[in-house]
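Engineer: Let's see this in three dimensions:
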Amino acid sequence: MGTHRRLGGYRLLDVIGRGSTAVVYLAMDVYGREVAVKELIPELVGEPEAISRLAREMSAQARVRSAYVARLLDGEVAAERPHVAMQYVPGCPLNDLVSAYGPLRGDRLVRFARRLALALGDVHDAGVLHRDVSPGNVIVLGDRPTLIDFGIAHEAGAVQLTRRGMVVGTPAYLAPELIEGERATTASDVFSWASTVAYAATGRPPFGRGSLHGVCFRILRGEADIDGVPEPLAALLRAAFRRDASGRPAARRIAGALAHGDALTTRRDGVVAA
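Structural biologist: Numbering: from 1, shown residues only. Below is the predicted model:
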């Protein structure tokens with residue numbers, strides 16, 4: 001890529017991500033600030049569904065205001081080169097960080113888990129479902145996580161364009177109801193928070209590796225491996241991994257418990273309590 005390429009009002013500096021639908025560039029705006037610019041690949045520019053998904057991504061991300069979520073800056077979905085511009089988040093994806101340096105430990109792990117729960121609380125308070133909370137979508141700098149990639153996010157009341165048998169998201173971190181083709185909810189995001197935090201704490205996906213069928217089977221059976229996760233964080237993960245989505249605590253509730261070192265327990269009436 002030439003060093004003088006531009007897209008909208010941005011100067012493209014380098015490719016920092018590439019997927020099946022888009023390329024993400026490190027770019028510079030007119031004020032000299034680094035930003036991330038996501039551009040649809042040329043093959044999808046004429047596809048109405050791809051344009052609609054990009055527009056939904058912008059709409060969802062624009063609603064969220066959080067210290068722990070990448071901020072949307074602007075975008076042009078109807079342009080010749082459809083794109084969105086977002087806050088550039090320095091740091092390392094959680095999966096790369098853990099692979100290189102091992103799991104997070106002690107107070108650093110607790111701060112990470114709490115801040116990621118706060119990020120999710122801010123997303124949900126904005127009326128948005130992220131739907132792909134996973135180690136590849138969490139950038140870490142020190143013990144500060146930033147949630148990125150709203151590519152399949154939805155406003156909570158929007159129609160969800162998925163079909164039974166169609167898995168959307170990162171399979172090893174999905175809630176069981178999504179594997180069964182049900183609608184995503186805030187509780188589905190909470191389950192994915194727990195899977196991501198379990199990975200941060202152990203270096204292992206909590207439902208294992210291997211075939212998609214095997215991983216999904218273990219998720220549906222509730223066979224989460226959280227051996228080595230310290231209490232009371234382990235108790236919070238168990239609560240968030242409940243098979244019944246209605247029994248999972250809200251993200252704000254989890255963040256509050258982590259702030260005070262509390263565990264979550266279940267009363268006989270099924271209500272989550274400290």
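
Engineer: For the rest of this, base every contact and every neighbour count on C-alpha atoms.
Structural biologist: Will do.

Engineer: all helices for the stretch 151-274 of the chain, in order.
Structural biologist: Using DSSP state H, counting those that start in this stretch, the helices assigned to the stretch 151-274 of the chain run over residues 176-179, 186-202, 212-221, 233-240, 251-260.

Engineer: In a markdown table: the ones you listed, plus mean pLDDT, distance to residue 32 and mean neighbour count.
Structural biologist: As requested, the helices of the stretch 151-274 of the chain are exported to a markdown table (pLDDT from 0 to 100; distance: least, C-alpha to C-alpha, whole Å; neighbours: other C-alpha atoms under 10 Å):
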| stretch | mean pLDDT | distance to residue 32 | mean neighbour count |
| --- | --- | --- | --- |
| helix 176-179 | 96 | 42 | 21 |
| helix 186-202 | 98 | 34 | 26 |
| helix 212-221 | 95 | 44 | 16 |
| helix 233-240 | 97 | 42 | 22 |
| helix 251-260 | 95 | 36 | 19 |
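
Engineer: between the ones you listed, which one is nearest to residue 8?
Structural biologist: With C-alpha to C-alpha, the closest approach to residue 8 among those belongs to helix 186-202: 33.1 Å.

Engineer: Any idea how many residues pack against residue 91?
Structural biologist: Using other C-alpha atoms under 10 Å, residue 91 has 15 neighbouring residues.

Engineer: do the same with the one 4 residues further on
Structural biologist: By other C-alpha under 10 Å, the residues close to residue 95 number 22.

Engineer: how about the nearest residue to it, chain neighbours excluded?
Structural biologist: In space, residue 95 comes closest to residue 135 once its chain neighbours are excluded; the distance is 5.0 Å by C-alpha to C-alpha, 6 or more residues apart in numbering.

Engineer: I'd like to know how far that neighbour sits from residue 62.
Structural biologist: 22 Å (C-alpha to C-alpha, to the nearest Å).

Engineer: that older thread, now render the helices of the stretch 151-274 of the chain as JSON lines, adding distance to residue 31.
Structural biologist: As requested, the helices of the stretch 151-274 of the chain are exported to JSON lines (distance: least, C-alpha to C-alpha, whole Å):
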{"stretch": "helix 176-179", "distance to residue 31": "42"}
{"stretch": "helix 186-202", "distance to residue 31": "35"}
{"stretch": "helix 212-221", "distance to residue 31": "45"}
{"stretch": "helix 233-240", "distance to residue 31": "43"}
{"stretch": "helix 251-260", "distance to residue 31": "36"}
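
Engineer: Which among those is found nearest to residue 120?
Structural biologist: When those are compared by C-alpha to C-alpha, helix 251-260 sits nearest residue 120, at 6.1 Å.

Engineer: For that closest one, output the C-alpha coordinates as PDB.
Structural biologist: Extracted in PDB, the C-alpha atoms of helix 251-260 (Å, rounded to 0.1, in the frame of the first residue of the first chain):
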ATOM      1  CA  ALA A 251     -22.900  -7.100  33.700                       C
ATOM      2  CA  ARG A 252     -23.400  -4.100  36.100                       C
ATOM      3  CA  ARG A 253     -24.100  -6.600  38.900                       C
ATOM      4  CA  ILE A 254     -20.900  -8.500  38.200                       C
ATOM      5  CA  ALA A 255     -18.800  -5.300  38.000                       C
ATOM      6  CA  GLY A 256     -20.200  -4.300  41.400                       C
ATOM      7  CA  ALA A 257     -19.400  -7.600  43.000                       C
ATOM      8  CA  LEU A 258     -15.900  -7.500  41.700                       C
ATOM      9  CA  ALA A 259     -15.400  -4.000  43.000                       C
ATOM     10  CA  HIS A 260     -16.300  -5.200  46.500                       C
END
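
Engineer: quick one, what contacts residue 15?
Structural biologist: With contacts defined as C-alpha atoms under 8 Å, 6 or more residues apart in numbering, residue 15 is in contact with 23-26.
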